[in-house]
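Visitor: have a look; sequence and predicted model below, questions after that.
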Amino acid sequence: MIGKNIRQFRLEKHIKQETLAEVIGVSAQAVSKWETGASDPDISLLPNLANYFGVSIDELFEVPHSEEMERIGNMLYAERRINPKTFDRTVEYLERRIKDEPDDAESLTALAALYNHRAHSDHETASYYAQRALECDTKNDRGIWDALKEYREANNAPCGDEWFDNHFSVIRYLEDFLAKRPENRAALLTLIECLLADHRYDEAKRYIKRLKGGYAYLCYQGNLAFEKGDRAAAQAYWEQAVAKYPLVWQTYDNLGEGYRKLGMPDKALEAFELSFTVQDAPRYTDGLFAKAQIHEQLGDYDAAIEDYRRIITHLREEHGINDGEEIDYEMREIERLKQLAGKKRIKK
């Protein structure tokens, strides 16, 4: 990157290659070769270059911020586990960035994504060791409970204590956030989800009204009715959302989730298929993932395998993703399902 950076710094100073060459004591042809990547400046010239541009020697080698952010994004999507040294270097880079630009939301979000990525991969590892502990032949009940505690935490499973499982802190933060930014729809939807999950229905209803119609209003009215035990009303709301907004894929996704909760897997599979097919390219794969889960629950492992193969094909054809964790995850699921299908055939 040093050649690109030299060119960028030179253009920022509005000087020609000949001027830079004269200052540094080299030929204009040498500067041209640096900037095209044909050669690099001699290491003895780096202090003079850095002083002239008013930057550190490290900055001469830095990747432009836009390219660095693209690299970070690709790493988050493609890597199952990020190398610790790479993680630390990336955090250091982003922290330097927000020190200079405190309101750089993209860099702040990238930091959050990095730590969440590491937390997820650490939870995968914790889950593996907890499962191994549970599978040990032991009569120690205390040890089993301890291993289960770690397994639950690693997989975000409920522990049975409502004071621990609830979203009280998240709800409190989102309510304060919406008081300052009432127009933020994403925060509003997240708050409604948390309130429904915690069975705080009256509060959820109040926030659902703020959606002021639209497909999300009908979907959440259905979710609220279901949580309160009115299954018929829930189904009616969900189906009304699809009828009124037939080109909005999220309505089919919500309907599929509703049918699944109502114990109607065949209808759920149809809805999830539509949630995928009604979209314009490049499409989201939520519906195909949901179909794979339902097919596995029904014991139709071959159909679940086909769902994951469709996801892989879709990622390659519409998103240009040919490797990395996004593909590797589906491949692991396919291999796991093949083993289950094999065991099922042996039993028959």
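Guide: Everything's here; your move.

Visitor: okay, CA-based contacts and neighbour counts for the rest of this
Guide: Noted.

Visitor: show me what the lowest-mean-pLDDT helix or strand in the chain is packed against.
Guide: Every helix and strand in the chain was compared by mean pLDDT, DSSP states H and E; the lowest is helix 57-61, with a mean of 79. Other elements packing on helix 57-61 under the criterion 3 or more C-alpha pairs under 8 Å, 6 or more residues apart in numbering; DSSP states H and E are helix 2-12, helix 46-53.

Visitor: past the longest one, which element shows up next along the chain?
Guide: The helix or strand immediately downstream of helix 2-12 is helix 17-24, counting by DSSP states H and E.

Visitor: in that following helix, what's buried?
Guide: For helix 17-24, burial by neighbour count (16 or more other C-alpha atoms under 10 Å) applies to 17, 20, 21.

Visitor: can you tell me which of these is nearest residue 215?
Guide: residue 17 (58.8 Å; C-alpha to C-alpha).

Visitor: the closest one reaches residue 32, doesn't it?
Guide: Yes - counting by C-alpha atoms under 8 Å, residue 32 is a contact partner of residue 17 at 7.0 Å.

Visitor: all strands for the chain, in order.
Guide: With strands called from DSSP state E, the chain shows none.

Visitor: helices or strands up against the helix ranked longest in it?
Guide: Using DSSP state H, we find that the single longest helix of the chain is helix 105-134. Where contact means 3+ C-alpha pairs under 8 Å, 6+ apart, helix 105-134 is packed against helix 65-78, helix 84-100, helix 141-155.

Visitor: just the helices in the stretch 201-348 of the chain please.
Guide: All helices of the stretch 201-348 of the chain, identified by DSSP state H, counting those that start in this stretch, fall at 201-208, 214-227, 231-244, 249-261, 265-277, 286-297, 301-319, 325-347.

Visitor: which of those sits closest to residue 112?
Guide: helix 325-347 (19.1 Å).

Visitor: of the helices and strands packed on helix 105-134, which is nearest residue 326?
Guide: That would be helix 65-78 among these, by C-alpha to C-alpha, at 6.1 Å.

Visitor: adding distance to residue 158, write the helices of the stretch 201-348 of the chain out as JSON lines.
Guide: JSON lines is the format used below for the helices of the stretch 201-348 of the chain (distance: least, C-alpha to C-alpha, whole Å):
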{"stretch": "helix 201-208", "distance to residue 158": "20"}
{"stretch": "helix 214-227", "distance to residue 158": "18"}
{"stretch": "helix 231-244", "distance to residue 158": "24"}
{"stretch": "helix 249-261", "distance to residue 158": "18"}
{"stretch": "helix 265-277", "distance to residue 158": "24"}
{"stretch": "helix 286-297", "distance to residue 158": "20"}
{"stretch": "helix 301-319", "distance to residue 158": "26"}
{"stretch": "helix 325-347", "distance to residue 158": "24"}
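
Visitor: of the ones you listed, which stretch is the most buried?
Guide: helix 249-261 (a mean of 24; mean count of other C-alpha atoms under 10 Å).

Visitor: contacts for it next, please.
Guide: 215-216, 219, 223, 234-235, 238-239, 241-242, 245, 265, 267-272, 274-276, 278-279, 286-287 (C-alpha atoms under 8 Å, 6 or more residues apart in numbering).

Visitor: export the helices and strands packed on helix 57-61 to JSON lines and tack on mean neighbour count?
Guide: Below are the helices and strands packed on helix 57-61 laid out as JSON lines (neighbours: other C-alpha atoms under 10 Å):
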{"stretch": "helix 2-12", "mean neighbour count": "17"}
{"stretch": "helix 46-53", "mean neighbour count": "15"}
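
Visitor: weakest of those helices by average pLDDT?
Guide: Here the lowest mean pLDDT among the helices and strands packed on helix 57-61 goes to helix 2-12, at a mean of 86.

Visitor: so that helix versus helix 46-53, what angle?
Guide: Orientation note: helix 2-12 sits at an angle of 30 degrees relative to helix 46-53 (axes from the mean of the first three to the mean of the last three C-alpha atoms, to 10 degrees).

Visitor: about what we covered before: nearest approach to residue 28 belongs to which of the helices and strands packed on helix 57-61?
Guide: With C-alpha to C-alpha as the criterion, residue 28 lies closest to helix 2-12 of those, at 12.6 Å.

Visitor: which residues sit against that closest one?
Guide: Here helix 2-12 has contacts from 16-17, 20, 34-37, 40, 53, 60-64, using C-alpha under 8 Å, 6+ apart.

Visitor: right, and the helices and strands packed on helix 57-61 - which one's nearest residue 145?
Guide: Judged by C-alpha to C-alpha, the one of the helices and strands packed on helix 57-61 that comes nearest to residue 145 is helix 2-12, at 56.2 Å.

Visitor: for that closest one, what is the distance to the chain centroid?
Guide: 34 Å (C-alpha atoms, centre = their mean, to the nearest Å).

Visitor: for residue 16, phi and psi?
Guide: phi -90, psi 160 (degrees, to the nearest 10).

Visitor: counting neighbours, what do you get for it?
Guide: 13 (other C-alpha atoms under 10 Å).

Visitor: separation between the nearest residue to it once chain neighbours are set aside and residue 58?
Guide: Nearest residue to residue 16 in three dimensions, chain neighbours excluded: residue 10, at 7.3 Å (C-alpha to C-alpha, 6 or more residues apart in numbering). Distance, residue 10 to residue 58, by C-alpha to C-alpha, to the nearest Å: 17 Å.
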